[in-house]
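>>> sequence plus the predicted model coming up.
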Amino acid sequence: MNYFVTAIGTDSGKTLVSAILTEMLHADYWKPVQSGAPRDTETVRALVTNEQSKFYKETFLLKTPASPHAAARIDGVEITIDQIVPPISNRNLIIEGAGGVMVPLNDEEVILDMVPKLNAEIVLVSNLYLGSINHTLLTAEVIKSRGYGVKGIIFNGPSNEESERIILLKTGYRQLLKVPQEPVINKEIVKKYAEKLSACWD
């Protein structure tokens, strides 16, 4: 099974959640489009303890930390979804997106347009801040408008019970996990939350 990890915006916790999923499922990991450093592939590799996971090379490894369409233009590269081909894996594959679902890849295509080609179920990451209810519900609306499957939602960072309640009510998504703000992110933390997620995964 392929799982596409996306979020309501940049720095919402996609890489941490990708590491947790990779650890829990002993899955392979792939980030098709990387803009700037550090490489999320290397971050996830450093956080995973199981020895089964493979880490596939990015299709587009861009130098500039910017929206993929802008970074590609600066690098003299043209991104198209036709060029993004999932690696063949005999394990679950965790695919990490870039930014939020409507981040442009080029003048016509956005991140979310990759999902049908990836044959993946979405795991949505939402970090809670003033305005995140709106951002989460808008993200859910565009996903629903396309009929894409969603495994569930993971809340990352400081908790807000009322925000979480209304998001789950309005989206109808299942909460898979809550990851509170941790002072340090390391292998032990990733393994701890992988075990928690495993208890409610089906």
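Perfect, thanks for sending it.

>>> please count neighbours and contacts with C-alpha atoms only from this point.
Fine.

>>> OK, contacts around V150?
The contact partners of V150, taken as C-alpha atoms under 8 Å, 6 or more residues apart in numbering, are 121-124, 173.

>>> how about CSV for the residues you listed, with neighbour count added?
Formatted as CSV, those follow (neighbours: other C-alpha atoms under 10 Å):
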residue, neighbour count
E121, 20
I122, 22
V123, 25
L124, 28
Y173, 16
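
>>> those: which two are farthest apart?
E121 and Y173 (12.8 Å; C-alpha to C-alpha).

>>> what residues do the two have in common as contacts?
150-151.

>>> mind exporting the longest helix seen in the chain as CSV, just the C-alpha atoms?
Using DSSP state H, we find that the single longest helix of the chain is helix 132-146. Extracted in CSV, the C-alpha atoms of helix 132-146 (Å, rounded to 0.1, in the frame of the first residue of the first chain):
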residue,chain,number,x,y,z
SER,A,132,-5.4,26.2,11.4
ILE,A,133,-9.1,25.2,11.6
ASN,A,134,-9.7,27.1,8.4
HIS,A,135,-6.6,25.8,6.7
THR,A,136,-7.4,22.2,7.6
LEU,A,137,-11.0,22.4,6.5
LEU,A,138,-10.0,24.0,3.2
THR,A,139,-7.5,21.3,2.6
ALA,A,140,-10.0,18.6,3.4
GLU,A,141,-12.5,20.2,1.0
VAL,A,142,-10.2,20.2,-1.9
ILE,A,143,-9.2,16.6,-1.2
LYS,A,144,-12.9,15.6,-1.0
SER,A,145,-13.8,17.5,-4.2
ARG,A,146,-11.4,15.2,-6.0
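
>>> not counting it itself, show me its contacts.
8, 101, 112, 126, 163, 166-167, 170-171.

>>> for the helix or strand just after it, the distance to its chain's centre please.
Counting by DSSP states H and E, the next helix or strand C-terminal to helix 132-146 is strand 150-156. Its chain's C-alpha centre and that of strand 150-156 lie 10 Å apart, by C-alpha atoms, centre = their mean, to the nearest Å.

>>> buried ones in strand 150-156?
150-156 (16 or more other C-alpha atoms under 10 Å).

>>> turn these into TSV, columns for distance to L138 and pLDDT.
Shown next, in TSV, are the buried residues of strand 150-156 (distance: C-alpha to C-alpha, whole Å; pLDDT from 0 to 100):
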residue	distance to L138	pLDDT
V150	15	98
K151	17	98
G152	16	98
I153	14	98
I154	16	98
F155	16	98
N156	18	96
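
>>> for the residue lying closest to F55 once chain neighbours are set aside, phi and psi?
Once flanking residues are discounted, F55 sits nearest to Y29: 5.0 Å by C-alpha to C-alpha, 6 or more residues apart in numbering. The phi and psi values for Y29, taken as degrees, to the nearest 10, are phi -130, psi 140.

>>> any idea how far Y29 lies from P180?
Relative to P180, Y29 is positioned 23 Å away (criterion: C-alpha to C-alpha, to the nearest Å).

>>> residue contacts, L62?
33-36, 68, 71-72, 75.

>>> let me know the outermost residue of the chain.
G76 (26.0 Å; C-alpha atoms, centre = their mean).

>>> great, nothing more from me.
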